[in-house]
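Undergrad: After the sequence you'll find the predicted model.
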Amino acid sequence: MNKNRHYAPSWALGPEGQKATVLSTLEVCHDLQQLVRILSRLADIDLYIINSDYLCVAGSGAYEAAVGCISPRDTAIGYSLASGRPTLVADPRAHVACRDCSQQLTCRDLANYTAPIAVRDKIVAAVQAVAFDAPQCEILQNKAADLAEAITLFLVQSCETDARLLTALTGNRAEIDSAGLERIVGESPAMRSLKDDIMRCAPLDSTVLIQGESGTGKELVAQALHELSPRASSPFVAVNCGAIPESIIESELFGYASGTFTGAQRGGKPGLFEHADGGTLFLDEIAELPLQLQVKLLRVLQERKVMRLGGRKEYPFDVHIIAAANVDVAKQARNGLFRQDLYYRLSVIPLHVPALRDRDKDIELLVYHFARLYARRRGEPLPSIDPELIKRFISYSWPGNVRELKNFVEYGINFRKGLSLDLATLEERFVDAEKTPDKPGYEQWSMEKSITCPGSITPANVDNSGKPENQTEASWEQERSEQKVIKQALSRFGYTLEGKRRAAEELDMSLATLYRKIKRYGLLDAYRYDVGSSESTIKN
Ligand SMILES: Nc1ncnc2c1ncn2[C@@H]1O[C@H](COP(=O)(O)OP(=O)(O)OP(=O)(O)O)[C@@H](O)[C@H]1O
């Protein structure tokens, strides 16, 4: 009988009924359970495995009792599953992976080692080896990584021939594709440190401000924060403050009372704060929020109550606020373009998503990730990718960041001539892209928000061609050609919200960036056809 059996984790003592509901999953994992038992006997250390739903699908020794139970998400094994990284915990409770662990009082581990298990490049499970005494600590140091590798090899092989096993491992996550940190591809030091920060702040309720260039993945980070938080089962409501016309953003956020607008919904309408109650409200492009609304937002955040437009009743809310911006908000605040007080209120936890050109190491991973995704959508296996193309990907500067790279790969997969993805398919796109350097990312992050909306230029500051004196010929030309392509795209797809969405896609920019450019170039008419924007006028 196993000497560690009395160390069974407290979460293994869950209701028996829970086990009954997962019997079919456990049956499919029968061979895995056998392997875990054998390896555990050979190495004299306890092992257990959780699937993507945190269900313990195999376990030995102290963990035999845990098979069929759900492991808490906040333990070291949960940390490895979510972060996708092996973790050696030699100092339980002090280690970062244990910091938020709910099992701290009952945990008997002296040390543990966890490794995520990837099948077909997707993390589907995690295995942990646990040491309860000093000799086992040594075994852990010397053998745990090999044991994890043996289990991974077994699962990779077995999943090839048994689709049910893969489903048993991916659990419900198979339906939602992937969640949390798994969706954020990137192993560069900057991305690893960002993932660490996400893990650390996800359980907290402090306001987070995510900054980084357009297309770097700020929304993905916000989603990961939500999915890894205790609010994960409540709504995640995202609003793009730059994409909603000024005239309606206030009512979108705070709702309106009955009879506030001509044509307003009878009985009024709850705002996004109310919709997000219990969950997370993601305020994307926060720097685009008009100044007068910034004051109101600050008040609402301080009082944790919202009053609908034209209403008298206050609605308390319990919402975690995450904001994002692709401009440097501190700089904006210093220049009087964003309220200092709101900036401080929002940036309790500041996170920065690095530009893609600063993390070469991730480019190849992302190329393979998206190639696999788009090939799978066509029902095809991952094609081989020309090393010359990879070099080209790495040498390009990616002003549109991951969004731009994703579009390149999608194009490549769909338009490649042969089976493999080679440089010839994409070279023309690279050349074209290099001709138009004024792409969203660079501009939004590196420039002060010097809006050169034509309407704001006084005649004294422009030359005969209309070019502002302080602008170079090249950048003036660039802006003019950009205006032209935006106008062309808008007239092709239409000025409706959907039309703008499609135009933004075609132009490789986010909808918010398109709106900003529309504003900047004075194409203000483009707002006119937005759904409900022009007709709604506030009565009082
Ligand atoms: N690290 C990543 N791994 C996988 N996909 C990514 C990553 N970063 C970004 N993406 C993908 O790139 C696209 C753009 O990402 P996202 O919308 O999160 O960027 P953003 O920084 O919020 O952009 P914007 O500031 O323009 O709103 C999305 O399709 C997203 O899924």
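TA: Cool, the structure landed. Predicted model only: the values in this text are computed from it and were never measured. Numbers count the residues shown, from 1 in each chain.
Undergrad: which ones are touching the residue of the stretch 201-350 of the chain found nearest the ligand?
TA: Per CB to the nearest ligand atom, residue 217 is where the stretch 201-350 of the chain lies closest to the ligand, at 2.6 Å. C-beta here means a position set from N, CA and C on the backbone, and glycine is covered the same way. Residue 217 is in contact with 184, 353, 401-402, counting by CB atoms under 8 Å, 6 or more residues apart in numbering.
Undergrad: Identify the element of secondary structure that residue 514 sits within.
TA: helix 511-520 (DSSP states H and E).
Undergrad: Please apply the same query to residue 490.
TA: helix 473-493.
Undergrad: Need phi/psi at the residue positioned nearest the centre of the chain.
TA: Centrality entry for the chain: nearest residue to the mean C-alpha point is residue 220, 1.4 Å, by CA atoms, centre = their mean. With angles defined as degrees, to the nearest 10, residue 220 sits at phi -60, psi -40.
Undergrad: Domain map for the protein?
TA: Using automatic domain parsing, the domain ranges for the chain come out as 5-174, 181-352, 357-435, 450-527.
Undergrad: Give me the three-state assignment for the residue lying closest to residue 401 once chain neighbours are set aside.
TA: In this structure, residue 401 finds its nearest non-sequential neighbour in residue 215, 3.6 Å apart by CB to CB, 6 or more residues apart in numbering. Of the three states, residue 215 takes coil under DSSP: H, G, I helix; E, B strand; the rest coil.
Undergrad: give me the number of residues near residue 215?
TA: 29 (other CB atoms under 10 Å).
Undergrad: you'd agree it is up against residue 408?
TA: No: taking CB atoms under 8 Å as the definition, residue 215 is not a contact partner of residue 408, at 11.9 Å.
Undergrad: Spatially, what comes nearest to the residue nearest to the centre of the chain if we skip its sequence neighbours?
TA: Nearest non-adjacent residue to residue 220, counting by CB to CB, 6+ apart: residue 184, 5.4 Å away.
Undergrad: ok, the one you found - contacts?
TA: Residue 184 makes contacts with 191, 194-195, 198, 217, 220-221, 224, as judged by CB under 8 Å, 6+ apart.
Undergrad: Give me the helix or strand of this structure that scores worst on average pLDDT.
TA: Within the chain, no helix or strand scores below helix 440-446, which has a mean of 41 by mean pLDDT, DSSP states H and E.
Undergrad: Alongside the ligand, which residues does the stretch 251-400 of the chain contribute?
TA: 284, 326 (CB under 6 Å from any ligand atom).
Undergrad: typo on my end, the chain
TA: Counting by CB under 6 Å from any ligand atom, the chain sits next to the ligand at 184-186, 212, 214-220, 284, 326, 402-403, 406, 510, 512-513.
Undergrad: switch to 5 Å and redo it
TA: For the chain, the residues in contact with the ligand (CB under 5 Å from any ligand atom) are 184-186, 214-220, 326, 402-403, 510.
Undergrad: Redo those as TSV? Include pLDDT.
TA: TSV is the format used below for the residues of the chain next to the ligand (pLDDT from 0 to 100):
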residue	pLDDT
184	91
185	91
186	90
214	91
215	92
216	95
217	94
218	95
219	92
220	92
326	92
402	95
403	93
510	77
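Undergrad: neighbours around the nearest residue to residue 307 once chain neighbours are set aside, how many?
TA: With CB to CB, 6+ apart as the criterion, residue 307 has its nearest non-adjacent residue at 5.1 Å, and that residue is residue 314. Using other CB under 10 Å, residue 314 has 13 other residues around it.
Undergrad: From residue 227, how far off is residue 314?
TA: Distance, residue 314 to residue 227, using CB to CB, to the nearest Å: 30 Å.
Undergrad: Equivalent analysis for residue 49, please.
TA: 22 Å.
Undergrad: Could you check which of these two has the larger neighbour count?
TA: Neighbours were counted for residue 49 and for residue 227 using other CB under 10 Å; residue 49 has more, 27 against 22.
Undergrad: quick one: average pLDDT of the helix holding residue 514?
TA: Summarised as a single mean, pLDDT over helix 511-520 is 78.
Undergrad: same thing with stretch 140-155?
TA: Per-residue scores along stretch 140-155 average to 94.
Undergrad: And stretch 93-112, by the same measure?
TA: 81.
Undergrad: cool, stretch 33-44 as well?
TA: Rounded mean pLDDT across stretch 33-44 is 96.
Undergrad: sorry, back to before: and of the residues of the chain next to the ligand, the nearest to residue 239?
TA: Of all the residues of the chain next to the ligand, residue 239 sits closest to residue 219, with 11.2 Å by CB to CB.
Undergrad: Where does that closest one sit, in terms of helix or strand?
TA: Using DSSP H and E, residue 219 falls in helix 218-227.
Undergrad: quick one: contacts of that helix?
TA: Applying CB under 8 Å, 6+ apart, the set of residues contacting helix 218-227 from outside is 179-181, 183-184, 194, 198, 201-202, 208, 210-212, 232, 236, 238, 279-280, 282, 284, 320, 322, 324, 326, 351, 353.
Undergrad: And stretch 129-142, by the same measure?
TA: 4, 7, 43-48, 62-63, 88, 90, 108-114, 143-144, 147-148.
Undergrad: Using PyMOL, make a named selection holding only the buried ones among these.
TA: Selecting the buried subset of the contacts of stretch 129-142 in PyMOL, with 16 or more other CB atoms under 10 Å as the burial test, is done by:
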select buried, resi 4+7+43+45+46+47+48+62+63+88+109+110+111+112+113+114+143+144+147+148
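Undergrad: Just the contacts of stretch 129-142: which are in strands?
TA: 46-48, 88, 111-114 (DSSP state E).
Undergrad: remind me which residues of the stretch 301-450 of the chain are low pLDDT?
TA: 436-450 (pLDDT under 70).
Undergrad: could you redo the last one with a cut-off of 80?
TA: Scanning the stretch 301-450 of the chain for pLDDT under 80 picks out 376-379, 435-450.
Undergrad: need the helices for it, in chain order.
TA: All helices of the stretch 301-450 of the chain, identified by DSSP state H, counting those that start in this stretch, fall at 329-334, 340-346, 360-377, 387-395, 401-415, 423-435, 440-446.
Undergrad: Using JSON lines, lay out these together with distance to residue 68 and mean neighbour count.
TA: Formatted as JSON lines, the helices of the stretch 301-450 of the chain follow (distance: least, CB to CB, whole Å; neighbours: other CB atoms under 10 Å):
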{"stretch": "helix 329-334", "distance to residue 68": "48", "mean neighbour count": "17"}
{"stretch": "helix 340-346", "distance to residue 68": "44", "mean neighbour count": "18"}
{"stretch": "helix 360-377", "distance to residue 68": "32", "mean neighbour count": "18"}
{"stretch": "helix 387-395", "distance to residue 68": "44", "mean neighbour count": "15"}
{"stretch": "helix 401-415", "distance to residue 68": "39", "mean neighbour count": "20"}
{"stretch": "helix 423-435", "distance to residue 68": "49", "mean neighbour count": "14"}
{"stretch": "helix 440-446", "distance to residue 68": "48", "mean neighbour count": "21"}
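Undergrad: could I get the ones you listed as CSV with distance to residue 25?
TA: Output for the helices of the stretch 301-450 of the chain, formatted as CSV (distance: least, CB to CB, whole Å):
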stretch, distance to residue 25
helix 329-334, 46
helix 340-346, 43
helix 360-377, 24
helix 387-395, 39
helix 401-415, 34
helix 423-435, 42
helix 440-446, 44
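Undergrad: all helices for the stretch 101-250 of the chain, in order.
TA: Secondary structure of the stretch 101-250 of the chain (DSSP H, counting those that start in this stretch): helices at 134-161, 163-170, 189-201, 218-227, 246-254.
Undergrad: Now do the second one against helix 134-161, angle only.
TA: Going back to what we said before, that points to helix 163-170. Here the directions of helix 163-170 and helix 134-161 differ by 130 degrees (axes from the mean of the first three to the mean of the last three CA atoms, to 10 degrees).
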